[in-house]
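A.B. asks: Got a sequence here, can you model it:
(2 chains)
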Amino acid sequence: DGGITQSPKYLFRKEGQNVTLSCEQNLNHDAMYWYRQDPGQGLRLIYYSQIVNDFQKGDIAEGYSVSREKKESFPLTVTSAQKNPTAFYLCASRWGIGQPQHFGDGTRLSIL
Amino acid sequence: AQTVTQSQPEMSVQEAETVTLSCTYDTSENNYYLFWYKQPPSRQMILVIRQEAYKQQNATENRFSVNFQKAAKSFSLKISDSQLGDTAMYFCAFTLPNTGNQFYFGTGTSLTVIP
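C.D. replies: Prediction:
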């Protein structure tokens, strides 16, 4: 079945450590997105990518980095510069303009 | 700036009754696409319904329907014959064709269906 796979489901970060969240899709979608979700808030856009080797910052990109070397993969690195990384992270993809986003099951990141 | 407002943080409804969730949005564009997503306690985001702004006919999907008022920039979701499985956060969102594929989400409405 086609879909989006996020891993791991739970992740813990130590002080000063960078961690990478994985997002893989086999839907052949061009556009991919990373969102952060905090309690009581909606989805806030971190980064998005429309094609391979290209990505743009969203509303809250500081302290995060991404790469898009392959169409199917869009990993997100939470760097030590992100001082409040505890949140639920959602990855999404979309195949065309006006089409809905498809989401992964999310990764919950916590601080040790 | 593009914004989405969901003015009802929490709502509840009796099982088998009907409930309407409100959403207003702001954009100066004329062509866009609107969505409602459902996020149950499992936290998976599930598409509920999609509406194209250039279509006057309101979209329906089984027990879910929308009331799309373009002039008022309003996009409410009606859930008929509410079921316990409808308990979830509901997010309203829209996207513009010419803004790099960005989506704009509201802050959500938490709906509880009471047995």
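
A.B. asks: excluding its backbone neighbours, what's nearest whichever residue of chain A sits closest to chain B?
C.D. replies: Distances between chain A and chain B by CB to the nearest CB are smallest at residue A:103, namely 3.8 Å. In this view, the C-beta of every residue, glycine as well, is placed from N, C-alpha and C. Among residues not flanking residue A:103 along the chain, residue B:45 sits closest, at 3.8 Å (CB to CB, 6 or more residues apart in numbering or on different chains).

A.B. asks: Next, count neighbours for that neighbour.
C.D. replies: Number of residues near residue B:45 (other CB atoms under 10 Å in any protein chain shown) recorded here: 26.

A.B. asks: quick one: contacts for it?
C.D. replies: By CB atoms under 8 Å, 6 or more residues apart in numbering or on different chains, the contact set of residue B:45 is A:90, A:92, A:101, A:103, B:37, B:38, B:39, B:91.

A.B. asks: now the residue of chain B found nearest chain A: how far from residue A:40?
C.D. replies: Ranked by CB to the nearest CB, the top residue of chain B for proximity to chain A is residue B:45, at 3.8 Å. From residue B:45 across to residue A:40, the span is 17 Å (CB to CB, to the nearest Å).

A.B. asks: What of residue B:39?
C.D. replies: Distance from residue B:39 to residue A:40, by CB to CB: 13 Å.

A.B. asks: which intervals of chain A have sub-threshold pLDDT?
C.D. replies: By pLDDT under 70, the weakly predicted segments of chain A are A:1.

A.B. asks: Of the contacts of residue B:45, which is the nearest to residue B:78?
C.D. replies: residue B:38 (13.7 Å; CB to CB).

A.B. asks: What's opposite that closest one in the beta bridge?
C.D. replies: Beta bridges link residue B:38 to residue B:46, residue B:90, judged by DSSP bridges.

A.B. asks: in terms of contact, does it touch residue B:88 like I think?
C.D. replies: Yes: using CB atoms under 8 Å, residue B:38 is in contact with residue B:88, at 4.7 Å.
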